[in-house]
Every structure is written in structure tokens, then in C-alpha cells.
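J.: quick one: sequence plus predicted model below, questions after.
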Amino acid sequence: MKRLGLGILGSGKGSNCRAILESIRTGTLSAEARVVLSDVLDAPILEIAREFAIPNAYFPPGQFRTRLEPNAEAELVQMLRDAEVDLVVLAGFMRVLKSPILEAFPRRIINIHPSLLPKFPGLEAWKQALDAGETVTGCTVHYVDEKIDHGDLIAQREVPILPNDSAESLHARIQIAEHELYPAVIEKLCRENDRVR
Ligand code: GRF
């Protein structure tokens with residue numbers, strides 16, 4: 001079985017990246033992490049990639065705050081192609097992707113979001129759920145399209161909101177669920193991909 005090549009993109013802490021790389025190391029995820037890329041020079045996610053000896057790089061995003069400059073996005077596509085990436089995995093990547101990369105990897109870009117989408121897209125989704133008085137929230141893995149935290153849903157995991165939850169305690173509990181869900185979903189996509197080859 002040829003292993004699916006992952007390209008992981010992130011802007012921050014990288015705890016989901018770590019969960020994915022650990023699942024590969026222990027053999028519960030039969031993919032291959034080919035590259036980890038970040039739009040933030042000193043992002044901890046790059047340090048995690050180095051810890052696991054995965055090729056990694058910073059790419060300059062250009063002058064915009066919430067998206068990539070077109071030539072930066074073209075450069076990113078080239079880096080992913082050079083690394084022979086089959087599936088692009090967003091793990092805390094804080095920019096909206098546009099057509100160059102969406103067209104280069106059709107239905108081959110996934111994201112994880114800390115709410116039960118379509119509820120609470122956008123920033124601090126756990127806080128939005130808490131403020132709305134919900135009793136259950138969770139996390140969602142979905143295909144990426146041009147809109148923020150939008151696109152066909154792949155899988156969700158519910159997380160209860162407890163009476164004494166603070167934003168921090170709830171976020172921590174959601175992250176535990178994310179770290180189980182994301183590698184499991186990627187493994188499922190690997191198996192499906194294997195079947196159609
Ligand atoms: C996660 O909560 C994910 O749902 C959201 O960004 C966060 C990234 O966390 N898209 P980390 O960098 O993986 O720790």
C-alpha cells in the first residue's frame with residue numbers, strides 16, 4: 001500500500017500536528033508526513049516538525065493579514081508539489097486559501113475547527129459556544145473551500161460543556177477530542193484513497 005503523503009500547514013502551537021506525527025510514529029496512522037509549512041517564522045509547529053525530523057519551512061505570506069499574496073500562494077503550491085504532497089492538512093493555519101491552491105488540490109485540503117460546524121465558524125469558537133449558552137459543542141473536520149470554516153463536513157466529535165467550564169477548560173477539552181479525531185479521519189481518508197487507486 002502506497003502511503004498518502006501529507007503536507008501540514010499551521011501558524012501556531014501545532015498540537016494537532018504533534019498528534020498526527022505521533023499517530024504516524026506509533027503506526028495507528030498509515031500516512032507519511034512529507035512536509036510541515038508555516039506562514040509564521042518562529043511558529044512552534046516548525047519546532048515540532050524538527051523534533052520528528054520532518055522536512056519543514058517557513059514561507060513568507062506577503063502583505064495581507066488574513067490571506068496569502070497570490071505569488072506567495074503559488075510558491076506554497078510549488079513547495080507542496082515538490083514535496084509530493086497528496087493531502088494538505090490545515091492544523092491551525094490562520095489564513096483563508098484561494099483558487100490557486102484550491103484548484104491545485106481539489107478536495108485534497110482538510111481543516112479541523114473547534115466547534116460543531118456550521119455552528120460557530122471563525123475565531124475562538126469554543127468561547128462563542130460558551131457565550132451562546134450551549135450545553136454541547138465539539139470539533140469538526142471538513143474539506144476546505146474559499147469561505148472561512150466552510151466546506152463539506154467529513155466528521156465531527158461532540159464535547160460536553162460543563163456547568164463550571166471556563167473558556168480555557170472548554171478549549172482544552174475540545175483539543176483533546178481534536179487530537180483523537182484528526183488522525184482518525186486522516187487514516188480513514190488514507191484507506192478510502194487506497195481503495196480507489
Ligand atoms: C485548533 O483548535 C483547530 O481547531 C483550529 O486551530 C487550533 C490549532 O491548534 N483550527 P494547534 O496549533 O493544533 O494546537
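T.: Great, that's in hand.

J.: how about the strands in this protein?
T.: With DSSP state E as the criterion, the chain has strands at 4-9, 31-38, 56-58, 87-90, 109-113, 136-143, 153-160.

J.: tell me which residue in this structure sits closest to the ligand.
T.: Of all residues in the chain, residue 92 sits closest to the ligand, at 2.7 Å by CB to the nearest ligand atom. Just so you know, the C-beta spots here come from the backbone N, C-alpha and C atoms, and that holds for glycine as well.

J.: quick one, what contacts that residue?
T.: By CB atoms under 8 Å, 6 or more residues apart in numbering, the contact list for residue 92 reads 10-14, 16-17, 45.

J.: dump the strands of the chain into JSON lines; add mean neighbour count and mean pLDDT as well.
T.: Output for these, formatted as JSON lines (neighbours: other CB atoms under 10 Å; pLDDT from 0 to 100):
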{"stretch": "strand 4-9", "mean neighbour count": "24", "mean pLDDT": "98"}
{"stretch": "strand 31-38", "mean neighbour count": "23", "mean pLDDT": "98"}
{"stretch": "strand 56-58", "mean neighbour count": "15", "mean pLDDT": "98"}
{"stretch": "strand 87-90", "mean neighbour count": "24", "mean pLDDT": "98"}
{"stretch": "strand 109-113", "mean neighbour count": "24", "mean pLDDT": "98"}
{"stretch": "strand 136-143", "mean neighbour count": "22", "mean pLDDT": "98"}
{"stretch": "strand 153-160", "mean neighbour count": "16", "mean pLDDT": "98"}
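
J.: distance to residue 127 for the ones you listed - can I get that in CSV?
T.: Listed next are those as CSV, based on distance: least, CB to CB, whole Å:
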stretch, distance to residue 127
strand 4-9, 24
strand 31-38, 24
strand 56-58, 29
strand 87-90, 20
strand 109-113, 13
strand 136-143, 10
strand 153-160, 14
